[in-house]
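> for reference, the sequence and a predicted model appear below.
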Amino acid sequence: MAEAPFIPLEFRRQGEDEMRARAAAFAAEAGQRRSIRAFSPEPVPLEVLEDCIRAAGTAPSGAHKQPWTFALVTDPGLKAQIRVAAEEEEQANYGGRMNDEWLSDLQPFGTDASKPFLEIAPALILVFRHAWELQEDGSQGQNYYTQESVGIASGMLLAALNAAGLATLTHTPSPMGFLAKVLDRPANERAFLLIPVGYPADGCQVPALARKGLDEILARY
Ligand code: IYR
């Protein structure tokens, strides 16, 4: 079995003051991120989205299989099709598929089956997970830890978009099977997340939520 050649690591060792400053700045910037549901229709620079997807593609993955595709949808006709299909599923969700506890947990967000942002946001990034690898000869190869890998890549995408000054919604219209159909994705791809991207609409409001403090999320040993 051939081994990958090894090369010297490129690593810039930072001073501790620089480390502190950069970690604090990143935490502050991440802390400003909010999921929004009211988007402006204003277009966003496509190269910015491409760079953010480039950043997401640097995520670690099981056996370096990079089991992801980021579908960038800006076509108004496709966005409209996605909205119609998503709203159909959500009508079934809000109309009985979600139980009372779930509906009550969602009350602070004021969500319902109507998803106008799927048409209004200038771009939708659909993240697809490769459940297996489609080989060039059409056969199935194994992928590993695809949920973890694509979850990490998606988190990096959200952080990159936030750092680039764009707002997002981490959306999971459920079930999401229709997305692979609408975009005619290959048989190995499963929709993982739908991320509308853009600028907030004028007067956009977000729920008054608090994040857990460090003491609530950090277990020190
Ligand atoms: N997918 C539905 C319901 C929904 C579920 C959760 I969990 C949320 O955090 C938000 C919404 C919808 O998009 O309305």
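Arrived safely.
> what about residue 158, neighbour count?
A count of nearby residues for residue 158, using other C-beta atoms under 10 Å, gives 23. Heads up, the C-betas are built off the backbone N, CA and C, glycines and all.
> ok, residue 36 next?
By other C-beta under 10 Å, 20 other residues sit near residue 36.
> go on, residue 38?
18.
> same deal with the one 5 residues further on?
Number of residues near residue 43 (other C-beta under 10 Å) recorded here: 11.
> what does the protein put close to the ligand?
Taking C-beta under 6 Å from any ligand atom as the contact definition, the chain meets the ligand at 90, 93, 106, 109, 111, 171-174.
> let's have these in JSON lines, adding neighbour count, pLDDT and secondary structure.
Shown next, in JSON lines, are the residues of the chain next to the ligand (neighbours: other C-beta atoms under 10 Å; pLDDT from 0 to 100; DSSP: H, G, I helix; E, B strand; the rest coil):
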{"residue": "90", "neighbour count": "19", "pLDDT": "96", "secondary structure": "helix"}
{"residue": "93", "neighbour count": "19", "pLDDT": "96", "secondary structure": "helix"}
{"residue": "106", "neighbour count": "14", "pLDDT": "96", "secondary structure": "helix"}
{"residue": "109", "neighbour count": "12", "pLDDT": "95", "secondary structure": "helix"}
{"residue": "111", "neighbour count": "15", "pLDDT": "96", "secondary structure": "coil"}
{"residue": "171", "neighbour count": "20", "pLDDT": "96", "secondary structure": "strand"}
{"residue": "172", "neighbour count": "12", "pLDDT": "93", "secondary structure": "coil"}
{"residue": "173", "neighbour count": "21", "pLDDT": "90", "secondary structure": "coil"}
{"residue": "174", "neighbour count": "14", "pLDDT": "89", "secondary structure": "coil"}
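> and which of these is nearest to the ligand?
Checking the residues of the chain next to the ligand against the ligand by C-beta to the nearest ligand atom gives residue 111 as the nearest, at 4.0 Å.
> which helix or strand contains the nearest residue in space to the closest one that is not next to it in sequence?
Sequence neighbours aside, residue 37 is the residue nearest to residue 111 in space, at 7.4 Å (criterion: C-beta to C-beta, 6 or more residues apart in numbering). For residue 37, there is no enclosing helix or strand under DSSP states H and E.
> check residue 7 too.
Applying DSSP H and E, one finds residue 7 in no helix or strand.
> could you check how far the most centrally placed residue in the chain is from residue 126?
Nearest to the mean C-alpha position of the chain, by C-alpha atoms, centre = their mean, lies residue 154 at 4.3 Å. Note on residue 154: its distance to residue 126, by C-beta to C-beta, to the nearest Å, is 11 Å.
> shared neighbours, the two?
Taking C-beta atoms under 8 Å, 6 or more residues apart in numbering as the contact rule, residue 154 and residue 126 both touch 193, 195.
> helices or strands up against the lengthiest strand in the chain?
Identified as the longest strand of the chain according to DSSP state E is strand 189-198. Contacts defined by 3 or more C-beta pairs under 8 Å, 6 or more residues apart in numbering; DSSP states H and E place strand 189-198 against helix 117-120, strand 123-130, helix 146-163, strand 167-168, helix 177-182.
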